[in-house]
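Q: Need a 3D model of the sequence below.
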Amino acid sequence: MDDIFGVPLPLLFGQLLLGLINGAFYALLSLGLAVIFGLLNIINFTHGAQFMMGAFVAWMLLNWAGIGYFAALLIVPLLVGLTGVVIEKLMISRLYKLDHLYGLLLTFGLALIIEGLFRNYFGSSGLPYGIPPALSGATDLGFMFMPNYRGWVVIASVVVCLATWLVIEKTKLGAYLRAATERADLVQAFGVNVPRMITLTYGAGVGLAALAGVLAAPIYSVNPNMGSNFIITVFAVVVIGGMGSIGGSIVTGFGLGVVEGLTRVFYPEASATVIFVIMAIVLLVRPAGLFGRA
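A: Okay, the predicted model is just below:
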């Protein structure tokens with residue numbers, strides 16, 4: 001069989017791969033958002049700008065310091081995560097007792113400032129970041145040629161998402177984090193420094209966004225608008241999966257990426273809106289999201 005419903009198999013599998021790649025970024029970014037919202041109750045609109053910062057810091061390390069891609073995968077999340085620690089300590093920590101709207105407005109304003117600074121210095125045309133030689137080329141799967149780097153992105157995203165889920169859901173540290181969202185005073189009584197734990201959690205969520213930025217740099221042009229192009233869709237993914245649901249963000253991110261890819265094949269006109277249509281339906285049927293708690 002060379003086609004399905006009149007669609008050639010190479011085209012179908014190519015769009016499925018593209019959907020998986022987009023889903024990988026949706027999952028990583030929504031995972032960072034879910035960690036921050038689920039454990040800190042902050043709607044972090046700066047997440048897209050921090051994703052963009054990850055790509056730019058990787059570009060700077062390569063072009064200004066000669067530090068390559070694989071080292072950047074480790075260094076960039078730490079550097080950008082450190083900026084998140086500073087932001088949480090100096091600004092966001094003052095808003096925890098206020099309405100969620102204040103945190104949303106603060107992080108939205110910070111996103112505009114960060115994007116404006118990068119646009120002013122680097123321009124908006126975009127900068128190239130080459131695929132590392134070890135991941136260049138393609139693999140013949142029989143039914144299609146799969147670019148090695150894109151396969152790497154999917155695998156790396158799955159590993160990072162599963163590792164994050166295991167840490168939060170299956171370890172003592174994760175138990176402390178989840179308990180601190182309900183009874184911070186009780187966790188503090190066990191000798192845990194809750195404010196420091198919260199700060200590091202925000203930094204870890206920012207680090208996940210930065211890691212996604214490094215993975216995205218060789219695929220998309222490194223430019224100040226790359227975060228804003230993703231973040232609205234990622235918020236829709238988080239809402240569908242359930243605000244604060246770690247597992248929901250992972251499953252929904254990859255699943256919606258595949259749905260988006262299939263829509264491009266069978267009904268291209270709806271590919272830009274299908275995720276938002278699904279979000280509207282989910283909110284009508286299950287307002288807490290597919291995996292969220294009421």
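
Q: So which residues of the stretch 1-150 of the chain form strands?
A: Listed in chain order, the strands of the stretch 1-150 of the chain (DSSP state E, counting those that start in this stretch) span residues 3-4, 7-8, 138-140, 145-147.

Q: what sits up against the third one?
A: The set of residues that contact strand 138-140 without belonging to it, under CB atoms under 8 Å, 6 or more residues apart in numbering, is 145-148, 151. Using the backbone N, CA and C atoms, a C-beta is placed for each residue, glycine as well.

Q: repeat for stretch 74-91
A: 46, 50, 53-54, 57-58, 61, 67, 106, 110, 198-200, 202-211, 213-214.

Q: From the residues you listed, list just the buried residues.
A: Neighbour-count burial (16 or more other CB atoms under 10 Å) applied to those gives 46, 50, 53-54, 57-58, 61, 106, 110, 198-200, 202-211, 213-214.

Q: quick revisit: just put the contacts of strand 138-140 in a markdown table and tack on pLDDT.
A: Putting these into a markdown table (pLDDT from 0 to 100) gives the following:
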| residue | pLDDT |
| --- | --- |
| Phe145 | 78 |
| Met146 | 82 |
| Pro147 | 86 |
| Asn148 | 91 |
| Gly151 | 90 |
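
Q: Can you turn the buried subset of those residues into a selection I can paste into ChimeraX?
A: Those of those that count as buried under 16+ other CB under 10 Å are selected in ChimeraX with:
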select :146,147,148,151
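
Q: and of the contacts of strand 138-140, the nearest to Asn120?
A: The closest of those to Asn120 turns out to be Pro147 (CB to CB; 33.8 Å).

Q: Can you tell me the closest non-neighbouring residue to that closest one?
A: Setting aside the residues directly before and after it, Pro147 is nearest to Ala138 in space (CB to CB, 6 or more residues apart in numbering), at 5.0 Å.

Q: Just give me the neighbour total for the one you found.
A: Ala138: 13 surrounding residues under other CB atoms under 10 Å.

Q: Show me the contact partners of the helix or strand containing Ala163.
A: Ala163 is part of helix 148-170 when elements are defined by DSSP states H and E. Identification of contacts with helix 148-170 by CB under 8 Å, 6+ apart yields 17, 20-21, 24-25, 27-28, 31, 35, 131-132, 135-139, 173-174, 177-178, 208, 211-212, 215, 218-219, 246-247, 250, 253-254.

Q: Mind checking which of the buried ones among the contacts of stretch 74-91 are in helices?
A: Per DSSP state H, helices hold the following members of those: 50, 53-54, 57-58, 61, 106, 110, 198-200, 202-211, 213-214.

Q: Okay, now the unreliable bits of the stretch 1-150 of the chain?
A: Counting by pLDDT under 70, the ranges of the stretch 1-150 of the chain that qualify are 1-10, 143.

Q: Distance check, Ser93 against Leu31.
A: 22 Å (CB to CB, to the nearest Å).

Q: who's more crowded, those two?
A: Leu31 (30 against 15).

Q: separation between the spatially closest residue to the more buried one that is not a sequence neighbour and Glu260?
A: Spatial nearest neighbour of Leu31, excluding adjacent residues (CB to CB, 6+ apart): Ser249 at 4.9 Å. Ser249 is 16 Å from Glu260, where distance means CB to CB.

Q: Kindly report the same for Ala180.
A: 35 Å.

Q: One more: Ile92?
A: Distance from Ile92 to Glu260, by CB to CB: 32 Å.

Q: returning to what we had before: correct me if wrong: the residue nearest to Leu31 contacts Ala27.
A: Yes. Here Ser249 reaches Ala27: they are 6.6 Å apart, a contact under CB atoms under 8 Å.

Q: Could you name every residue contacting both of those two?
A: In contact with both Ser249 and Ala27: Val237, using CB under 8 Å, 6+ apart.

Q: related to what we said a few turns ago, the residue nearest to Leu31: which element?
A: helix 246-266.

Q: sorry, back to before: TSV please, covering the contacts of strand 138-140 and showing distance to Ala280.
A: Formatted as TSV, those follow (distance: CB to CB, whole Å):
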residue	distance to Ala280
Phe145	37
Met146	34
Pro147	34
Asn148	38
Gly151	33
